[in-house]
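*Asks:* structure for the following, please:
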Amino acid sequence: MWTMRREESRRGTLRARATGLFLANQPPRAALILRKYIPSRLPGEMLCVCLCGSRAAQIARIVKTQRYAVHNSECMRISWGRACAGALTGEVTQIAAAFGWVAIYSYLINPGQPFATYQAHAQVSGPWVSIIAGAPIFYAASRWIARTLPTALALFGIFLVIDGGLLVGMTESWNEVPFVLAGLSYLTKLGACALGGRRE
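*Replies:* Got it, this is the predicted structure:
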């Protein structure tokens, strides 16, 4: 009889340690939920109690549900600061990529030509550089700056307003605008933002 009681005491101690380790790793909001199931004499820093299997399982389900609820609410919130920073970063990086390609073309591929030749090449190659380089640029901005899908989509919306305004302001004639390439460029960036924002 004494051996059985000693074994039960040892198992209870192990359950208490395991439960305490489980509860100590919970976020503060989950700890507030747990206060309903823990004796009031225990402070929040000493959530080490011995619970039966059914009560421990009940608390584990509540904590898990609370964690998913908090996580989903945070993911659905738009961070406009990150969206603006990502849109500006993507726009500047894309312009830098276009200038970089023209520099490579003028100094390495076809040097010694008049300035008008390079200016015409910049107008022709600009949409293609925007498509090819824009996708990885905006994927990276959405993944590491926006970090959530709603913020990544807001990033794309801000970029669309900025880039569309620049396109309208710098265009002298609408006949010069490659609408097909421009639409393809915006679609690839939208897809890149959607993929980059879905990191979870």
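*Asks:* in terms of secondary structure, what does the longest helix along the chain contact?
*Replies:* The longest helix of the chain (DSSP state H) is helix 115-141. Applying 3 or more C-beta pairs under 8 Å, 6 or more residues apart in numbering; DSSP states H and E, we find helix 115-141 packed against helix 80-104, helix 149-170, helix 179-197. All C-beta atoms are positioned from the backbone trio N, CA, C, and that covers glycine.
*Asks:* low-confidence ranges, the chain, go.
*Replies:* Low-confidence regions of the chain, defined by pLDDT under 70, span residues 1-75, 172-174, 176-177, 199-200.
*Asks:* got the domain ranges for it?
*Replies:* For the chain, automatic domain parsing gives the domain ranges 8-75, 80-197.
*Asks:* first-to-last residue distance for the longest one?
*Replies:* Distances were taken as C-alpha to C-alpha, to the nearest Å; on that basis the terminal residues of domain 80-197 are 14 Å apart.
*Asks:* thinking again about what came up before, so the longest helix of the chain versus helix 149-170, what angle?
*Replies:* 170 degrees (axes from the mean of the first three to the mean of the last three C-alpha atoms, to 10 degrees).
*Asks:* could the helices and strands packed on helix 115-141 be laid out in a markdown table, adding distance to A135 and mean neighbour count?
*Replies:* Compiled in a markdown table, the helices and strands packed on helix 115-141 are given as follows (distance: least, C-beta to C-beta, whole Å; neighbours: other C-beta atoms under 10 Å):
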| stretch | distance to A135 | mean neighbour count |
| --- | --- | --- |
| helix 80-104 | 10 | 17 |
| helix 149-170 | 12 | 17 |
| helix 179-197 | 5 | 18 |
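*Asks:* switch those over to JSON lines; also include distance to A120.
*Replies:* Shown next, in JSON lines, are the helices and strands packed on helix 115-141 (distance: least, C-beta to C-beta, whole Å):
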{"stretch": "helix 80-104", "distance to A120": "11"}
{"stretch": "helix 149-170", "distance to A120": "15"}
{"stretch": "helix 179-197", "distance to A120": "16"}
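*Asks:* nearest residue to I131 in space, ignoring adjacent ones along the chain?
*Replies:* Closest residue to I131 apart from its sequence neighbours, by C-beta to C-beta, 6 or more residues apart in numbering: S185 at 4.8 Å.
*Asks:* circling back: can you pull the buried residues of the longest helix of the chain?
*Replies:* Using 16 or more other C-beta atoms under 10 Å as the test for burial, helix 115-141 gives 118, 121-122, 126-127, 129-131, 133-135, 137-141.
*Asks:* report the two of those residues separated the most.
*Replies:* Maximum pairwise distance in the buried residues of helix 115-141, criterion C-beta to C-beta, is 29.4 Å, between Y118 and Y139.
*Asks:* what are the phi and psi values at I78?
*Replies:* Backbone torsions of I78, given as degrees, to the nearest 10, read phi -90, psi 130.
*Asks:* contact partners for the closest residue to F156 other than its chain neighbours?
*Replies:* Once flanking residues are discounted, F156 sits nearest to C193: 4.3 Å by C-beta to C-beta, 6+ apart. Taking C-beta atoms under 8 Å, 6 or more residues apart in numbering as the criterion, C193 is in contact with F138, Y139, A141, S142, A146, A152, L153, L155, F156.
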